[in-house]
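Chemist: Structure for the following, please:
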Amino acid sequence: MKQTPLYERHAALGAKFTDFGGWNMPVQYTNVIEEHLATRHGAGLFDICHMGEMEVMGKRAFDFLQRIMSRNLEGQANGQIKLCVMTNEQGGIIDDLTVYKLDDGYYMVVTNAGTREKDVEWLRVKKNELGFDDVQITDISDITGKIDLQGPKAQDILQRLLPDDLNALRFYYAVRTVILNTPVIVSRSGYTGEDGFEIYASADRMGDLWDLILKTGAPEGIKPVGLGARDTLRLEAGMMLYGHEMDETVTPFEVVYGRLVDLNKDFIGCDALRKQKEAGITRSLAGFEMLERGIARAGYKIWKDDREVGAVTSGTYSPTFGKAIGMAAIPIECTPDGTEIQIEIRGGKFRAKVTTLPFYKRKK
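Modeler: Got it, this is the predicted structure:
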């Protein structure tokens, strides 16, 4: 399995590891609940070096990305980030990505870890097919590292390391600055439902940055956080995971990404999505909470009135709320808030009710 530049540091901290998309990643250091609550109430530091990064550059970089992404990128300011969806000709989700506009004609596109190679190939093939030979696409994943600092105390910790005023950094905006004499990109964004920051730098500088942030945040009780708590945090916040809530058989309208589709522009998959929009969707992503003891896991069958109607996409125990929650793909008629369903767990059927996403929304 592949290892991030921080592998040895995780091992020294006593981390337990797991295979995540071919990467040997820390799943926890102490336990999931402790790391989860540390992030909700203080600060957590995450190794996200397994994610993919691409530079898209050239005078027509904007025009190219407009044809590739379902979201309208017009008006995106330098330093602004836009969450986007890349769809195939059938409207299925190839990946959800963040598009950083770093300068005119200069973008950084951040992909999921498991879709990096697929995404790079898709962009390069479509660049040629659509006639954007002058646009340059460079996969910088192997030389780029990424760590996330998340939680209500994240700004206080990071501010002590930056010359920039973080109060001026708006949500989903980024600044190019310096930490430890190292050029970094710092964005106010994340995957936990908390305020926080994503920090990009050269891969060979990740160890020093990791050590510095942990040391600086020690008075605030900062914790290194593994993939286990990253998953419970994102699920409470109603954030999706590629390969669970979405894949190439699922369209943006069938999950929570309909807002990222602009059918007034031309992009790959727009014709199929216009037809689906007109006809209406028959299934949708919904949240649920268990009414009986039991934890629903991905793939578990969902029943309604003795009829199998769908499957759990993600499920866990929520440390914040002290109950089992999850998300599921179910028929549209089953999605109203409060609808009772049953989830098959180890041969038995257990009661649950549909609930509005997200489960957790931080107080601002």
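
Chemist: Skip the chain neighbours and tell me the closest residue to residue 39.
Modeler: Taking C-beta to C-beta, 6 or more residues apart in numbering, and ignoring the residues beside it in sequence, residue 39 has residue 151 as its nearest neighbour in space, at 4.7 Å. Where C-beta positions appear, they are placed from N, C-alpha and C, glycine not excepted.

Chemist: what about the one you found, distance to residue 362?
Modeler: Look at residue 151 and residue 362: by C-beta to C-beta, to the nearest Å, they are 10 Å apart.

Chemist: list the residues that contact both of those two?
Modeler: With C-beta atoms under 8 Å, 6 or more residues apart in numbering applied, the overlap between the contact sets of residue 151 and residue 362 consists of 194, 195.

Chemist: How many neighbouring residues does the closest residue to residue 295 other than its chain neighbours have?
Modeler: By the measure of C-beta to C-beta, 6+ apart, the closest residue to residue 295 outside its immediate chain neighbours is residue 324, 4.6 Å from it. The local packing count at residue 324 equals 23, with neighbours defined by other C-beta atoms under 10 Å.

Chemist: For residue 324, give the beta-bridge partners.
Modeler: Legend: beta-bridge partners of residue 324 under DSSP bridges are residue 317.

Chemist: Hmm, residue 296 and it touching each other?
Modeler: Yes: with contacts counted by C-beta atoms under 8 Å, residue 324 reaches residue 296, the gap being 6.5 Å.

Chemist: Now the common contact residues for the two.
Modeler: Between them, residue 324 and residue 296 have 290, 315 as joint contacts when contacts are counted by C-beta under 8 Å, 6+ apart.

Chemist: Where does residue 328 fall, secondary structure wise?
Modeler: Under the criterion of DSSP states H and E, residue 328 resides in strand 323-331.

Chemist: Can you give me the buried ones in the strand or helix carrying residue 110?
Modeler: Secondary structure assigned from DSSP H and E places residue 110 in strand 106-111. When burial is assessed from 16 or more other C-beta atoms under 10 Å, strand 106-111 yields the following buried residues: 107, 108, 109, 110, 111.

Chemist: Once you drop chain neighbours, what's closest to the last one?
Modeler: Leaving out its chain neighbours, the residue that sits closest to residue 111 by C-beta to C-beta, 6+ apart is residue 52, at 3.8 Å.

Chemist: that older thread, might you report the residue contacts of the residue nearest to residue 295?
Modeler: Under the criterion of C-beta under 8 Å, 6+ apart, the contact partners of residue 324 comprise 289, 290, 294, 295, 296, 315, 316, 317, 318.

Chemist: related to what we said a few turns ago, show me how far the strand holding residue 328 is from its chain's centre.
Modeler: Mean-position distance between strand 323-331 and its chain equals 18 Å (C-alpha atoms, centre = their mean, to the nearest Å).

Chemist: same deal with stretch 310-328?
Modeler: Stretch 310-328 has its C-alpha centroid displaced from the chain centroid by 17 Å (C-alpha atoms, centre = their mean).

Chemist: first to last residue in it, what's the distance?
Modeler: Using C-alpha to C-alpha, to the nearest Å, the gap from the first to the last residue of stretch 310-328 comes to 7 Å.

Chemist: List the buried residues for it?
Modeler: Residues 310-320, 324-328 are the ones in stretch 310-328 that count as buried (16+ other C-beta under 10 Å).
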